[in-house]
Every structure is written in structure tokens, then in C-alpha cells.
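# pasting the sequence and the predicted model now:
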Amino acid sequence: MESRKIYENINYNLEKQYDNEDTNIWRNKFHIEMPFGLINDPNGLSFYNGEYHIFYQWNPFGCEHKTKHWGLVKTKDFVNFTKPEIILKPEEWFDKNGCYSGGAYVKNDILKLFYTGNVKDINNERESYQCMVDYKKDGSFEKKGVLINKQPKGYTAHFRDPMIFVENETYYMVIGAQTEELKGKALVYRSKDINNWQLAGELKTDMNNFGYMWECPNVFRVSEEKVAFMFSPQGLNEEEFRYQNIYQSGYVIGDLNLDEVSLTNHTEFKEIDMGFDFYAPQVFNHDGKNIMIGWIGMPDKDNEYVSSNYGWMFGLTMPRILEYRDNVLYQKPLELLKNLRESKTVDIKNQTLNNYSISLDSRNVECDLDLDLSNNENVQLKLKFKDEDISISYNKKDKICIIDRNNMKLGGKGIRKFKLKVNSSLKLHMFIDNSVIEIYYQDGLETNTLMYFPQNNNFEIEIKNNIKINKLEIWKLRRINYEK
Ligand code: FRU
């Protein structure tokens, strides 16, 4: 009750939202971000009552990882959104230190939200409660309280991020967990009625020694036979071509057996995004498609995100469809995102150009590029911001792609180096916003999501050497709109 009182008297200042006068050059135009405070994981993703519902972790009081609420924006078209509103506040005994991440499921016309109540006791010891909320079409909601009271024996209180899936008319909840031996795992619970839950067991996989904590697990079917298990493991060692962020997000695909609680014959863990700023993705199914949204950011790297000087931090990726082909998930932008195109500004086909460069008058563009590699061993592309740049280079022989942020003055730096299979042409589909870049390589076989904080608005794209451009199309993208 104590904590409830605190939140009654707080001024959330929501009327100050999305002030068009905000001239900060890093304010993104078509990525979801908060007018103030810190946004992290997407939560409760669903299509409900004719609209996409995008909930997310939000600290509306500042740019620190604390007082996590659930915020919400709704949209039909990914161009027009409702204004961010606060749904869950950390105000009950079972969630007083944060309404942490979780998923959603529509049952009997009610959007059931699942989340972890994070509690710190007087000795700062953590307690975790899996909780449920009934959210209705008129926007009203009711916290139903605790479904699962703390973790089972043998696990630590790092027990969070419930996601629901249904198989054979049974509800399943998968939860990120840590064993007392400090190994990352996922636990599966089972329910016939969505209210009463029993532990089915730890999900058995071949990943027995794979980091110390698995956050944000997702289980989803990718074909009649195969199931993907996507999660965000912490504690993997960096390698030359992978695991270069502090924490990872990725997936395996295999055969799910829920009687045995096992995923067998699974593929090797594959990172879903090769960096720099992508974490805690969530997947939901709508119209037969698996759609993923990730958090643009990274835990424990707060000083890299200099927009916090202006009172806001991080964002969400645009929605990506996951397509299962050749044992991997290809990512592609949701069709609806074409609604963001305002005008086509460049359209080049089949031209061989030497050190091509183009100046653009805005950093709000979609750029679809296809470069012929038959006569080139190396490709180098630069996104230039006056005397700063981000470079992307590809070496055909070694099949290595490197994205380099070392020439930026502010924010995170470093390189990400990854293997990329390319046949005859290098394809890059880029969405460039004022401080976010999302790149899809080779029809979404690999992606890079990153933030960048240029010091001025000059913007030029440069393609080095003599190279045949099969295609270069650039569209100016519009600003998404938030209305009540
Ligand atoms: C992942 C995460 C989750 C947790 C949430 C708290 O970024 O740490 O495990 O529920 O963020 O905001």
C-alpha cells in the first residue's frame, strides 16, 4: 500500500510529449522512442482490437535503469500512433521495484499481460514474481496479482520475462532463469486455464554451458515441424566473428517436445543482429507471420548513449518479419513500413560509377542498394557526417563484413566483424534515422542495428572505387505521428 501512495502523487508530465519544437538533432523521426526517460525492452506485443499494441519498459522519471513501468503505444499502420501512455506502475508489494518484461496473450477478447514483479527486500535481496493483468478493449485494466510465487528450488531470483505460447490446447509459459550454479536456462510452466500454473521443467537443450543468465525467452513455431527458441544470453565470450556486444540475442531452431520439455536436433545458436545496439527482442504472431521488435540499446553501456544529456534514451526497432528458410530466420521489414515513404529521391539502375557519392538533405531515409561484385574483391561504403563517418566494408574472398564506428566523436565506438555469405551481389537495405541505423544484408540474412550521434546534419553516402551499381533507390521517410 505504501508504494501505491507514492505513485498517486507523481506528476508524470505526459502532456509535454512529442513536442515538435524539440530540435535536438538526434531525435528520431520514424523510430519509437520516448519523449523523456528511458525505454528498453518491447513487451506484450500483440495485435488486439484492430490495432498493434506495443508495450515496453519505460522509466518515465529519468535515464537510469530503475522504476520500470509498462508504457503503451498503439498503431494500425506504423505511421500514426497513439501517444505513449503509462499502463503498469510499480506500486504493489509484488512489483514495487519494477514491472519487468513479459508477453501477452488474447483470451476471450481480453488481452492478458504477463510480467515479472521485481522486488528488492530491505537487504537489497531480489525477489521475482510472475504476474498477470487483464487489459480490456476500452483501455481499462486490472492487475490480477501473482501467478508464480518466486523461483523453484535450485534457481536464483534471476527469474523473469514470462512469454506465453499455446500447443495442443495447453498454455505454456517460458521464463528466463539462472541455476544456483549460475548457468543461464529457461523454465517452462504449464496451464490448462491460464490462471493456475505448474512447473513442467527446465527446457532441455544442447546449450548446457551457455552464459550465466538467459533473459527474454520466446518460443514460436516457424513451420509445421520446427520451433524457434529465441533468447538473450548473458556471459558468452567474445569471438572473432560473433558475440561482440556485451550481451547477445539470438536463436536456435529444433524439435520441441513438451512432454519431455526438450528442444532436440537444434541448430547452433545464431545471433539475430550483429550489433551494436540490439537486445531483448520479442516475437508475436499476426496474420500467420512472426513479427519481431527489438530494443535499440544495450544494458550496462549507459555512457554510450549521449542523448541522455537531453533527457531521453534508447528506442525500439521497426517491426521485422521473420521468415524461416534454409534453417535460419531471414528478417524483412514489415510491408506496412512502405507507408513511411514520402518521396523517392534517387533511382539508379545498372550503372558503373567511380567513387560515387551523394549528398542528402536529411538523415531520414530508406536506402536499397545492390552492388555487383563480379569485378570487385572489396567494397567500401561510407555514411559521412562532415568530418565523421561510419564505414561498412566487405571482403568477398573471406566473406567478412566490418562495420566501423571509430570515426564518430560521440557515443559508442568500435567495430563489429561478421561473416556474410554473398553470391554475385552485395545487398544492403538501410533505414537511416537521426540517431538510429538499421541495416538488412542479403535480404535479411544478417542485420545491424546501431545508434550514432553525429555532431551536425551534413549527410553523404559514398561508395568507393569503380563499381557497378545494380540498384540504388533512396526514399525520404516521413515522421511518425502521435495522436490521442
Ligand atoms: C532485459 C531486461 C529484462 C528485464 C528488463 C528490466 O533488458 O533486463 O530481463 O525484465 O530488462 O527492465
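Perfect, thanks for sending it.

# where does the stretch 351-484 of the chain dip in pLDDT?
484 (pLDDT under 70).

# what ranges do the strands span in it?
365-372, 378-385, 388-395, 400-404, 415-419, 425-432, 436-441, 446-451, 459-477, 481-483 (DSSP state E, counting those that start in this stretch).

# name every strand pairing with the third one and say which way it goes.
Looking back up the chat, that one is strand 388-395. strand 378-385 (antiparallel), strand 400-404 (antiparallel) (DSSP bridges).

# nearest to the ligand, of those?
strand 400-404 (22.6 Å; CB to the nearest ligand atom). Any C-beta I mention is one placed from the backbone N, CA and C, and that applies to glycine too.

# buried residues, the closest one. List them.
401, 403-404 (16 or more other CB atoms under 10 Å).

# from memory residue 477 sits against residue 366, does it?
Yes: between residue 477 and residue 366 there is a contact at 5.6 Å, judged by CB atoms under 8 Å.

# can you pull the contacts of residue 244?
Residue 244 makes contact with 238, 274-275, 416-417, according to CB atoms under 8 Å, 6 or more residues apart in numbering.

# which residue packs closest to the residue positioned nearest the centre of the chain, ignoring adjacent ones?
By CA atoms, centre = their mean, the chain has its centre lying nearest to residue 294, at 0.7 Å. Leaving aside its chain neighbours, residue 294 sits nearest to residue 281 (3.8 Å; criterion: CB to CB, 6 or more residues apart in numbering).

# go on, residue 6?
residue 91 (7.2 Å).

# name the residues of the chain found near the ligand, please.
Within the chain, the positions near the ligand by CB under 6 Å from any ligand atom are 40-41, 57, 68, 100-101, 116, 160-161, 215-216, 279-280, 299.

# report the two of these separated the most.
116 and 279 (16.6 Å; CB to CB).

# contacting residues around residue 27?
33, 434-435.

# ugh, wrong one, residue 360
345, 459-461, 474.

# now with 7 Å?
459, 461 (CB atoms under 7 Å, 6 or more residues apart in numbering).

# hmm, residue 450 and residue 439 touching each other?
No: if you go by CB atoms under 7 Å, residue 439 and residue 450 don't touch, sitting 8.2 Å apart.

# so what sits against both of residue 477 and residue 366?
Contacts common to residue 477 and residue 366, judged by CB under 7 Å, 6+ apart, are residue 341.

# hey, which helix or strand in this protein has the poorest pLDDT?
Sorting the helices and strands of the chain by mean pLDDT, DSSP states H and E puts helix 2-8 at the bottom, at a mean of 72.

# list the buried residues in that helix.
So for helix 2-8, nothing qualifies as buried (16+ other CB under 10 Å).

# list the contacts for residue 223?
Residue 223 touches residue 324, counting by CB under 7 Å, 6+ apart.

# so it versus residue 329, what's the distance?
As for residue 223, its distance to residue 329 is 11 Å (criterion: CB to CB, to the nearest Å).

# how about residue 54?
Taken as CB to CB, the span from residue 54 to residue 329 is 20 Å.

# please tell me how far stretch 107-116 is from the chain's geometric centre.
21 Å (CA atoms, centre = their mean, to the nearest Å).

# hmm, who's touching the least confident helix or strand of the chain?
In contact with helix 2-8 (CB under 7 Å, 6+ apart) are residues 89, 91-92, 96.

# so after that helix, what's the next helix or strand?
strand 37-48 (DSSP states H and E).

# extract the C-alpha set from that next one and format it as CSV.
Extracted C-alpha coordinates of strand 37-48, given in CSV (Å, rounded to 0.1, in the frame of the first residue of the first chain):
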residue,chain,number,x,y,z
GLY,A,37,13.1,9.0,-19.8
LEU,A,38,14.5,5.6,-20.7
ILE,A,39,12.8,3.0,-22.9
ASN,A,40,14.0,-0.6,-23.1
ASP,A,41,12.5,-4.0,-23.9
PRO,A,42,9.4,-4.3,-26.1
ASN,A,43,6.7,-6.1,-24.0
GLY,A,44,3.3,-7.6,-24.6
LEU,A,45,3.5,-7.3,-28.4
SER,A,46,0.1,-8.2,-29.9
PHE,A,47,-2.5,-7.4,-32.5
TYR,A,48,-5.6,-6.7,-30.4
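
# adjacent strands (with direction) for the very next helix or strand once past that strand?
Proceeding N to C from strand 37-48, the next assigned helix or strand is strand 51-59, under DSSP H and E. Its sheet considered, strand 51-59 pairs with strand 37-48 (antiparallel), strand 69-75 (antiparallel) by DSSP bridges.

# avg pLDDT for the longest one?
Pointing back at strand 37-48 there. Mean pLDDT, strand 37-48: 98.

# so who does the residue lying closest to residue 195 once chain neighbours are set aside touch?
Distances taken as CB to CB, 6+ apart put residue 147 closest to residue 195, at 7.1 Å, once the chain neighbours are dropped. Taking CB under 7 Å, 6+ apart as the criterion, residue 147 is in contact with 130-132, 197.

# mind redoing it with 6 Å?
130, 132, 197 (CB atoms under 6 Å, 6 or more residues apart in numbering).

# quick one: strands adjacent to the helix or strand that contains residue 348?
Using DSSP H and E, residue 348 sits in strand 341-360. Note on strand 341-360: by DSSP bridges, its sheet partners are strand 459-477 (antiparallel).

# buried stuff in the partner strand?
459, 461-464, 467-477.

# likewise stretch 432-447?
432-442, 444-447.

# report the separation between residue 416 and the ligand.
Relative to the ligand, residue 416 is positioned 19 Å away (CB to the nearest ligand atom, to the nearest Å).

# quick check: bridge partners of that residue?
residue 403.

# hmm, it is touching residue 403, no?
Yes: between residue 416 and residue 403 there is a contact at 5.1 Å, judged by CB atoms under 6 Å.

# dump the contacts of helix 2-8 to a markdown table, plus secondary structure, distance to residue 253 and neighbour count.
Putting those into a markdown table (DSSP: H, G, I helix; E, B strand; the rest coil; distance: CB to CB, whole Å; neighbours: other CB atoms under 10 Å) gives the following:
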| residue | secondary structure | distance to residue 253 | neighbour count |
| --- | --- | --- | --- |
| 89 | coil | 38 | 22 |
| 91 | coil | 40 | 19 |
| 92 | coil | 38 | 19 |
| 96 | coil | 38 | 21 |
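
# between all of the residues you listed, which two are separated the most?
Maximum distance among those (CB to CB): 9.9 Å, for 89 and 96.

# so for stretch 130-140, mean pLDDT?
According to the model, stretch 130-140 has a mean pLDDT of 98.

# who's in contact with that stretch?
49, 110-111, 113-117, 141-144, 146-148, 162.

# just the buried members of those residues?
For these, buried by 16+ other CB under 10 Å: 110-111, 113-117, 141, 143, 146-148, 162.
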